[in-house]
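In: Quick one, what's the 3D model for this:
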Amino acid sequence: MPIYEFHCGKCGEDSEVLVRRTDWQGTPCPHCGSTKLEKKLSVFAAANADGMAEMPAPACSGNPNSCGRCGTA
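Out: Down below sits the predicted model:
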């Protein structure tokens, strides 16, 4: 079963809940018990063949010293 992230419309808390994908509606908030949960868009991690996740390059700020990538070709 996947873990989903939810936001409770009653208490305002965010939670991770292990539920079946089709059966999540009606799941109670672990903080207040309300069933007014809204599914959040979750961020996930990925790994390459070596098992190491590659982080995306930071956006260019225009400052050559800000990320260490400017001038490295």
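In: residue ranges of the strands in this protein, please?
Out: Along the chain, counting by DSSP state E, strands occupy 3-8, 14-18, 37-39.
In: which residues of the protein score low on pLDDT?
Out: 1, 21, 42-73 (pLDDT under 70).
In: hmm, back to that, including mean neighbour count, could the strands of the chain go into a markdown table?
Out: All C-beta atoms are positioned from the backbone trio N, CA, C, and that covers glycine. Shown next, in a markdown table, are the strands of the chain (neighbours: other CB atoms under 10 Å):
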| stretch | mean neighbour count |
| --- | --- |
| strand 3-8 | 16 |
| strand 14-18 | 13 |
| strand 37-39 | 16 |
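In: So which of the ones you listed is nearest Gln25?
Out: Each of the strands of the chain has some distance to Gln25 by CB to CB; the shortest is strand 37-39, at 8.0 Å.
In: same for that closest one, what does it pack against?
Out: Contact analysis of strand 37-39 by 3 or more CB pairs under 8 Å, 6 or more residues apart in numbering; DSSP states H and E lists strand 3-8 as its packing neighbours.
In: Show me the strands paired with the strand it packs on, marking each as parallel or antiparallel.
Out: Sheet pairing here is set by DSSP bridges, and for strand 3-8 it gives strand 14-18 (antiparallel), strand 37-39 (antiparallel).
In: wait, which of the ones you listed is closest to Pro28?
Out: Closest approach to Pro28 among these (CB to CB): strand 37-39, 8.0 Å.
In: tell me the contacts of Pro28?
Out: Ser34, Thr35 (CB atoms under 8 Å, 6 or more residues apart in numbering).
In: ok, now with 6 Å
Out: Residues near Pro28 by CB atoms under 6 Å, 6 or more residues apart in numbering: Thr35.
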